[in-house]
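Chemist: I'll drop the sequence and a predicted model, then ask my questions.
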Amino acid sequence: MSPSKPIIAANWKMNKTPQEGYDFASQLVSRALEIRGAEFILAPSATALSKVYAALDGANIGLAGQNMHFAEAGAYTGENSAAMLKACGCDSVIVGHSERRHVFGETGADINKKIKAALLAGLNVIHCIGELLADREGGNTTQVLREQLASDLAGFDEFPADRIIIAYEPVWAIGTGVVASVEQAGEAHGEVRNILGEQFPKLDASTVSILYGGSVKSSNAAELIKTEGIDGFLIGGAALDLDEYCKIAEIAQMEARG
Ligand code: PGA
């Protein structure tokens, strides 16, 4: 089921020490009691996961890794396995973020292996897809989304809509302050649903949760969350500040309730 509550996920990227993460998360636990109409997910750096988990203290707030290796264990210096993320308290993991694809050179084949390994280990997946500016300007957005979904989800007979959340993040809108217009975001979310419906004929694509990411802040959250097909946000920069993050969640909760 596409969620009744908007999902407000924070991707802290390479920010916040364990103590900073702990302080943020403990304050969020009490603030979230007033924002029950939104579903929170925090994605701290791997080094902060355990401490953030301790701060969450059983509260109904998700904890996600930002990345993982697809192998169960082995000689992969600097990497973390799905089991390690789980042991730190994670219930999900972000896979295929554009920084992983474009800065660290991850391929669709890598992402495919990661998604499979995460699901097998019992982690849910926040699966990021999105086009580059050149793709959009060349009129290739739909094609790129189609290719990403085909390679990232190769070998899947069915799309597990209860285990995978899609995050549509146009790369040109990430960290740039340039947000996709509601028309662009709405159209892309619709395309993603169409593509998934074609790729997985048994899937009711309306049950898939699709987050928007790319320069989301409190000043643009209302119009975005009102847009048909947007089920929540994956937020980078604006989610580093607790007040701003909670404000976005409050806006999303209010608009979702109509
Ligand atoms: P941003 O990042 O909100 O800073 O644009 C979003 C993301 O990368 O998930």
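Modeler: Sure, I can see it.
Chemist: Tell me which residue lies farthest from the centre of this structure.
Modeler: Ala75 (27.9 Å; C-alpha atoms, centre = their mean).
Chemist: For the residue of the stretch 101-250 of the chain found nearest the ligand, which residues are in contact?
Modeler: Residue nearest to the ligand within the stretch 101-250 of the chain: Gly236 (2.4 Å; C-beta to the nearest ligand atom). Yep, even glycine has a C-beta here, placed from its N, CA and C like the rest. For Gly236, the contacting residues are 11-13, 174-175, 213, by C-beta atoms under 8 Å, 6 or more residues apart in numbering.
Chemist: burial measure for the residue lying closest to Trp12 once chain neighbours are set aside, as a count.
Modeler: Distances taken as C-beta to C-beta, 6 or more residues apart in numbering place Pro44 nearest to Trp12, at 5.2 Å, with adjacent residues excluded. Applying other C-beta atoms under 10 Å, we find 30 residues neighbouring Pro44.
Chemist: contacting residues for Pro44?
Modeler: The contact partners of Pro44, by C-beta under 8 Å, 6+ apart, come to 12, 16, 21, 52, 63, 66.
Chemist: pretty sure the third one contacts Ser50?
Modeler: No: the pair formed by Gly21 and Ser50 falls short of the contact definition of C-beta atoms under 8 Å, at 9.6 Å.
Chemist: For these two, indicate the residue with more neighbours.
Modeler: When neighbours are counted by other C-beta under 10 Å, Gly21 and Ser50 differ, and Gly21 comes out ahead with 24 against 18.
Chemist: Secondary structure element for the more buried one, which one?
Modeler: Per DSSP states H and E: Gly21 is located in helix 18-32.
Chemist: So which elements touch that helix?
Modeler: strand 39-43, helix 49-56, helix 242-257 (3 or more C-beta pairs under 8 Å, 6 or more residues apart in numbering; DSSP states H and E).
Chemist: Contacts for the shortest one, please.
Modeler: Right, strand 39-43. Against strand 39-43 from outside (C-beta under 8 Å, 6+ apart): 3, 5-12, 21, 24-25, 28, 32, 52, 56, 61-66, 92, 94, 126, 232, 249.
Chemist: Could you rerun that using 7 Å?
Modeler: Here strand 39-43 makes contact (C-beta atoms under 7 Å, 6 or more residues apart in numbering) with 3, 5, 7-12, 25, 28, 32, 52, 61-66, 92, 94, 249.
Chemist: Repeat that for the last one.
Modeler: Applying C-beta under 7 Å, 6+ apart, the contact partners of helix 242-257 are 5-6, 8, 10, 24, 27-28, 31, 35, 37-38, 40, 216-218, 221-222, 225-226, 232-233, 235, 238-239.
Chemist: Close to the ligand: what parts of the stretch 1-150 of the chain are there?
Modeler: Residues of the stretch 1-150 of the chain lying close to the ligand (C-beta under 6 Å from any ligand atom) are Asn11.
Chemist: where along the stretch 1-150 of the chain do the helices fall?
Modeler: Listed in chain order, the helices of the stretch 1-150 of the chain (DSSP state H, counting those that start in this stretch) span 18-32, 49-56, 82-87, 98-102, 108-121, 133-137, 141-152.
Chemist: Please identify the deepest-packed of those.
Modeler: Mean neighbours per residue, mean count of other C-beta atoms under 10 Å, is largest over the helices of the stretch 1-150 of the chain for helix 49-56, with a mean of 22.
Chemist: what inclination does that one have with respect to helix 18-32?
Modeler: Helix 49-56 and helix 18-32 are oriented at 30 degrees to each other (axes from the mean of the first three to the mean of the last three C-alpha atoms, to 10 degrees).
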